[in-house]
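S.K.: pasting the sequence and the predicted model now:
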Amino acid sequence: MLHDALLAGRGEERVTLLVEQAHSRVRARYEEWGYRRLGDLVPFEDAPVYDVMLLDMA
């Protein structure tokens with residue numbers, strides 16, 4: 001899987017990403033892969049609301 005290949009061999013303890021809240025199926029897929037939702041973020045004025053997602057790599 002491309003996701004696993006991108007993270008393989010990385011030394012970071014955590015991965016964070018943003019998922020637009022309008023894309024609940026995308027968020028659900030990340031949750032299947034072990035990510036958890038931390039909260040909401042609007043990164044700039046007039047931007048959509050995003051879910052902040054975290055994956056512990058340790």
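M.R.: Right, received. Where do you want to start?
S.K.: show me the contacts for Val26.
M.R.: Contacts were defined as Cβ atoms under 8 Å, 6 or more residues apart in numbering; by that measure Val26 touches 19-20. Heads up, the C-betas are built off the backbone N, CA and C, glycines and all.
S.K.: so what touches the helix or strand bottoming out on mean pLDDT in the chain?
M.R.: Ranked by mean pLDDT, DSSP states H and E, the weakest helix or strand in the chain is helix 2-7, scoring a mean of 89. With contacts defined as Cβ under 8 Å, 6+ apart, helix 2-7 is touched by 15, 33, 57.
S.K.: what residues of the helix or strand just after that helix count as buried?
M.R.: Proceeding N to C from helix 2-7, the next assigned helix or strand is strand 14-20, under DSSP states H and E. For strand 14-20, a neighbour-count test (16 or more other Cβ atoms under 10 Å) marks 15, 19 as buried.
S.K.: okay, strand 14-20 in CSV with CA atoms only?
M.R.: Written as CSV, here are the backbone C-alpha positions of strand 14-20 (Å, rounded to 0.1, in the frame of the first residue of the first chain):
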residue,chain,number,x,y,z
ARG,A,14,3.9,10.5,15.1
VAL,A,15,2.2,11.3,11.8
THR,A,16,-0.3,14.1,11.5
LEU,A,17,-2.6,15.0,8.6
LEU,A,18,-5.7,17.1,7.8
VAL,A,19,-8.9,15.7,6.3
GLU,A,20,-11.6,18.0,5.1
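S.K.: can you put the contacts of helix 2-7 in JSON lines and add pLDDT and distance to Pro43?
M.R.: Listed next are the contacts of helix 2-7 as JSON lines, based on pLDDT from 0 to 100; distance: Cβ to Cβ, whole Å:
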{"residue": "Val15", "pLDDT": "95", "distance to Pro43": "18"}
{"residue": "Trp33", "pLDDT": "95", "distance to Pro43": "23"}
{"residue": "Met57", "pLDDT": "91", "distance to Pro43": "23"}
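S.K.: having no further points to raise, I will conclude here.
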